[in-house]
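K.L.:
kindly generate the corresponding structure for this input.
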Amino acid sequence: MAGNASFIEIGVTGGNRARTFYGALFGWSFEPMGGENFAVTTPNIGAGIHGDDPDAIMVVYFEVVDIDAAVRRVRELGGTAPEPGPEDPRFGRFVECRDDQGVRFGLRQPPARRT
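P.N.:
Numbers count the residues shown, from 1 in each chain. All right, here's what the predicted structure looks like:
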């Protein structure tokens, strides 16, 4: 697994406030996804803002070729991970995991290329 950072999920209590903050700070642009949720366009990595998240946390997702195999490996190494969800045609497959010390991180299998 290469483990390149592939996606950032920003969980906040106020998605509109986060959009204003990160837009002013980094010049990012945002696409509404319903409620206070936004797809974020950055120069080099995919991102999303999720409003109404009481944890106020940023989770980095690492790219993997085979998310099912990666989840098995997380578990073999003492971490935890639920079963990954189905593919979203725009974003791919995601799963949020915890390492063997409880640190949150994510795995992402990009969407299959459509021809």
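
K.L.:
show me which helix runs longest in the protein.
P.N.:
helix 15-26 (DSSP state H).

K.L.:
who does the helix or strand following that helix touch, helix- and strand-wise?
P.N.:
Where DSSP states H and E defines the elements, the next helix or strand beyond helix 15-26 is strand 29-32. Applying 3 or more Cβ pairs under 8 Å, 6 or more residues apart in numbering; DSSP states H and E, we find strand 29-32 packed against helix 15-26, strand 37-41. Every residue, glycine included, has its C-beta placed from N, CA and C.

K.L.:
got CSV for these, with distance to residue 77 and mean neighbour count too?
P.N.:
Below are these laid out as CSV (distance: least, Cβ to Cβ, whole Å; neighbours: other Cβ atoms under 10 Å):
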stretch, distance to residue 77, mean neighbour count
helix 15-26, 32, 15
strand 37-41, 30, 18
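
K.L.:
any chance of TSV for the ones you listed, columns distance to residue 47 and mean pLDDT?
P.N.:
Below are the helices and strands packed on strand 29-32 laid out as TSV (distance: least, Cβ to Cβ, whole Å; pLDDT from 0 to 100):
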stretch	distance to residue 47	mean pLDDT
helix 15-26	8	95
strand 37-41	4	95
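
K.L.:
contacts for the longest helix of the chain?
P.N.:
By Cβ atoms under 8 Å, 6 or more residues apart in numbering, the residues outside helix 15-26 that reach it are 10, 12, 28-30, 35-38, 40, 42, 49-52.

K.L.:
can you lay out the helices and strands packed on strand 29-32 as JSON lines showing distance to residue 103?
P.N.:
Below are the helices and strands packed on strand 29-32 laid out as JSON lines (distance: least, Cβ to Cβ, whole Å):
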{"stretch": "helix 15-26", "distance to residue 103": "22"}
{"stretch": "strand 37-41", "distance to residue 103": "23"}
